[in-house]
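S.K.: Predicted model and sequence below, questions to follow.
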Amino acid sequence: MERRVVLPAPLDRARSAFERHLRAERGLSVHTVRAYLGDVDSLLAHAADAGCAELADIEIDVLRAWLAGQHRAGQARATIARRAAAARSFTAFAHRQGWLAADPGVQLGAPRVHKRLPHVLRQDQVARVLAERAEPPADAAEAAIAVRDTAIMELLYAAGIRVSELCGLDAGDLDAARRTVRVLGKGSKERVVPVGVPAISAVRAWLTAGRPVLAGPRAGQALFLGARGGRIDPRTVRRVVHARVAATGPGGSGPAVPDIGPHGLRHSAATHLLEGGADLRSVQEILGHSSLATTQIYTHVSVDRLLAVYRQAHPRA
């Protein structure tokens, strides 16, 4: 963790204004705001140490020296690239506010990050995971949690939603008649996502037989609840997914399924949609990607899988 320094008043005011901008105007998640501010704090601490008392003192050489220091400290390429993006966002904001005559961030380069293809499960592997059921529960609370976990797994894969989006769902967000779920995504952008029959049935079972057992004073309208009766948190959902995947051990239907988390189910859902013939723009809408380029990575996943099958199966591959 990098040390915090006492910033000159102009830098501190700009930092506070940027925080308000991220929270109120851009509507970013708490996690994303924290990441942005951590990077900006690092930049401003470096600038203050370099003798910058005003925002106008932060020029391109200050930004480059800061990034060079990150490299010397052994930061990963992805971290340096992320910090450069945060710096550019901050200086662009300061320029729009009129605090910088010119935006030095536009001149700031960053290392190219090697994109890794997401790990996805095959369709038969997902089917095995979703078919997995826990041992007969010992009491009503355990039975309710087992029904909840099944609904979580089905909905994560059916809708391809993020774990934060699932945790934020209210019971009224599910439209069982139309088989859709209303999701609040990144940047507080709302979208409606189609959901399959198995997921609808699993969520209905949870709402009927599971949720009333766990619901406590803090339940509110939350769709999914934790063991203590309040809205479920992302860490619990991650534990649920890893446990269900781990429980799908070697058996008559095949070997153990590789470990994945909630985002792995999202990746798998997107890949399987494309393999099934869905167009890229529709998958973009379902996933809630702001850029089509983000969705295009799944076309590479499908092509790589096709090549792997070809090379394994074709006698002259």
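M.R.: Yep, that arrived.
S.K.: can we go C-alpha only for contacts and neighbour counts from here?
M.R.: Will do.
S.K.: Give the full set of residues in contact with residue 237.
M.R.: With contacts defined as Cα atoms under 8 Å, 6 or more residues apart in numbering, the neighbours of residue 237 are 152, 163, 262.
S.K.: so which of the residues you listed would you say is closest to residue 66?
M.R.: residue 163 (33.8 Å; Cα to Cα).
S.K.: and the closest one, how many neighbours?
M.R.: Other residues lying near residue 163 total 20 when counted by other Cα atoms under 10 Å.
S.K.: Which residue ranges of the stretch 201-317 of the chain form helices?
M.R.: For the stretch 201-317 of the chain, the helices defined by DSSP state H, counting those that start in this stretch cover 211-214, 234-247, 262-275, 280-287, 292-295, 297-313.
S.K.: Any chance of these in a markdown table with mean pLDDT as columns?
M.R.: Output for the helices of the stretch 201-317 of the chain, formatted as a markdown table (pLDDT from 0 to 100):
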| stretch | mean pLDDT |
| --- | --- |
| helix 211-214 | 95 |
| helix 234-247 | 94 |
| helix 262-275 | 92 |
| helix 280-287 | 91 |
| helix 292-295 | 85 |
| helix 297-313 | 75 |
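S.K.: Minimum distance to residue 111: which of the ones you listed has it?
M.R.: Among the helices of the stretch 201-317 of the chain, helix 292-295 comes nearest to residue 111, with 18.8 Å by Cα to Cα.
S.K.: Identify the residues contacting that closest one?
M.R.: By Cα under 8 Å, 6+ apart, the list of residues contacting helix 292-295 from outside reads 280-281, 283-284, 289.
S.K.: wait, which of those residues is closest to residue 100?
M.R.: Among the contacts of helix 292-295, residue 289 lies closest to residue 100 (Cα to Cα), at 31.7 Å.
S.K.: count of residues packed around the nearest residue to that closest one once chain neighbours are set aside?
M.R.: In space, and not counting its chain neighbours, residue 289 is closest to residue 295: 6.8 Å by Cα to Cα, 6 or more residues apart in numbering. The burial count assigned to residue 295 is 22, neighbours taken as other Cα under 10 Å.
S.K.: Next one: residue 295 from residue 15, what distance?
M.R.: Distance of residue 295 to residue 15, given as Cα to Cα, to the nearest Å: 33 Å.
S.K.: Check residue 125 too.
M.R.: Per Cα to Cα, residue 125 is found 47 Å from residue 15.
S.K.: go on, residue 256?
M.R.: For residue 256, the distance to residue 15 - Cα to Cα - is 49 Å.
S.K.: Neighbour count for those two, which is higher?
M.R.: residue 15 (19 against 16).
S.K.: where does this structure dip in pLDDT?
M.R.: 1-5, 113-117, 134-136, 250-254, 316-317 (pLDDT under 70).
S.K.: Same list (the helices of the stretch 201-317 of the chain) but as a markdown table, adding distance to residue 93.
M.R.: Shown next, in a markdown table, are the helices of the stretch 201-317 of the chain (distance: least, Cα to Cα, whole Å):
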| stretch | distance to residue 93 |
| --- | --- |
| helix 211-214 | 45 |
| helix 234-247 | 31 |
| helix 262-275 | 31 |
| helix 280-287 | 28 |
| helix 292-295 | 24 |
| helix 297-313 | 30 |
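S.K.: Report the residue ranges of every domain in the protein.
M.R.: Domain segmentation of the chain under automatic domain parsing yields 9-107, 124-261.
S.K.: Would you convert these into a markdown table that also reports distance to residue 267?
M.R.: What follows is the domains of the chain, written out as a markdown table (distance: least, Cα to Cα, whole Å):
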| stretch | distance to residue 267 |
| --- | --- |
| domain 9-107 | 20 |
| domain 124-261 | 7 |
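S.K.: List the contacts of the spatially most central residue of the chain.
M.R.: Ranked by distance to the mean C-alpha position of the chain (Cα atoms, centre = their mean), the top residue is residue 162 at 5.4 Å. By Cα under 8 Å, 6+ apart, the contact list for residue 162 reads 156, 262-263, 266.
S.K.: Going by distance to residue 90, which of those residues wins?
M.R.: Using Cα to Cα, the shortest approach to residue 90 within the contacts of residue 162 belongs to residue 263, at 28.7 Å.
S.K.: Sounds good, over and out.
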